[in-house]
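# Here you go, sequence then predicted model.
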Amino acid sequence: DTAVSQTPKYLVTQMGNDKSIKCEQNLGHDTMYWYKQDSKKFLKIMFSYNNKELIINETVPNRFSPKSPDKAHLNLHINSLELGDSAVYFCASKASHRADSTDTQYFGPGTRLTVL
Amino acid sequence: DAKTTQPPSMDCAEGRAANLPCNHSTISGNEYVYWYRQIHSQGPQYIIHGLKNNETNEMASLIITEDRKSSTLILPHATLRDTAVYYCIVHVTGTASKLTFGTGTRLQVTL
């Protein structure tokens, strides 16, 4: 039983194309994230949604548009892909409002995007 | 969120304890210390966290100094599968909280 799943695992596309990455979690969490890990292995947060509402947007270009149809899903759509978008994108989720203050995030396996 | 400083790399013999240090001298009173690891481009994996007291779970132990300015993650019996990049992160918990990953420590476990 995969807790946080992403599709596709690999995505190779041409510059200028539009593509989407999907993320689903079956943990019953209400907060989900997208992270980007570049070629230098720096892992940076991009977006966070809580109960389908955007709560964190880390000055990501507006070519990137997250969409959360429900609490269990957070998809990432990228318009007009550029070479610099090549990276591994990770989805994550966590439960909010925990009385024990646990703030653990659970990550998906990643989607390796290559823009040619 | 407070910044952390970790050594870029460490080696450990299999079966030995791996002690990974982290400095967080600017940590504030409501910030937790979290440890995650990333095994060869897989998604980061939660290991352990703590506020003031030392913590232990099935994966590791976390030792936090009394002044909370530094901590040590201990893997008691390292195996080859523990080879990974280990990230020490301090942050305030909450709905709008976020993890700010640094460069971490690359732990290489050898035979």
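Everything's here; your move.
# Quick check: bridge partners of residue 11?
Just going to use chain A. Going by DSSP bridges, A:Leu11 is paired in beta bridges with A:Leu113.
# oops, I was thinking of chain B
B:Gln108.
# pLDDT of stretch B:104-111, averaged?
Average pLDDT, stretch B:104-111: 96.
# Give me every residue in chain A lying close to chain B.
When proximity is defined as Cβ under 8 Å from any Cβ of the partner chain, chain A approaches chain B at A:4, A:31, A:33, A:37, A:41-45, A:48, A:50, A:55-56, A:88, A:90, A:92, A:96-97, A:101-110. Bear in mind the C-beta positions are built from the backbone N, C-alpha and C, glycine included.
# Look at the closest residue to chain B within chain A and say how many residues are nearby.
Closest residue of chain A to chain B, Cβ to the nearest Cβ: A:Phe107 (3.1 Å). Residues within reach of A:Phe107, counting by other Cβ atoms under 10 Å in any protein chain shown, total 23.
# May I have the helix-or-strand element of chain A with minimal mean pLDDT as CSV, with CA atoms only?
Across the helices and strands of chain A, mean pLDDT, DSSP states H and E gives its lowest value to strand A:53-57, namely a mean of 85. Taking C-alpha atoms only, strand A:53-57 is exported to CSV below (Å, rounded to 0.1, in the frame of the first residue of the first chain):
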residue,chain,number,x,y,z
GLU,A,53,-6.5,25.8,-0.3
LEU,A,54,-3.1,27.2,-1.3
ILE,A,55,-1.1,28.2,1.9
ILE,A,56,2.5,28.3,0.7
ASN,A,57,3.7,29.6,-2.7
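# What residues does chain B have near chain A?
Residues of chain B lying near chain A (Cβ under 8 Å from any Cβ): B:32, B:34, B:38, B:41-46, B:49, B:51, B:85, B:91, B:93-101, B:103.
# what residues are up against the most centrally placed residue in chain B?
With the centre of chain B defined as its mean C-alpha position, the nearest residue by Cα atoms, centre = their mean is B:Trp35, 3.4 Å away. By Cβ atoms under 8 Å, 6 or more residues apart in numbering or on different chains, the contact set of B:Trp35 is B:20, B:22, B:46-49, B:60, B:62, B:73, B:86-89.
# Hmm, B:His40 is touching B:Ala84, no?
Yes - between B:His40 and B:Ala84 there is a contact under Cβ atoms under 8 Å: 7.4 Å.
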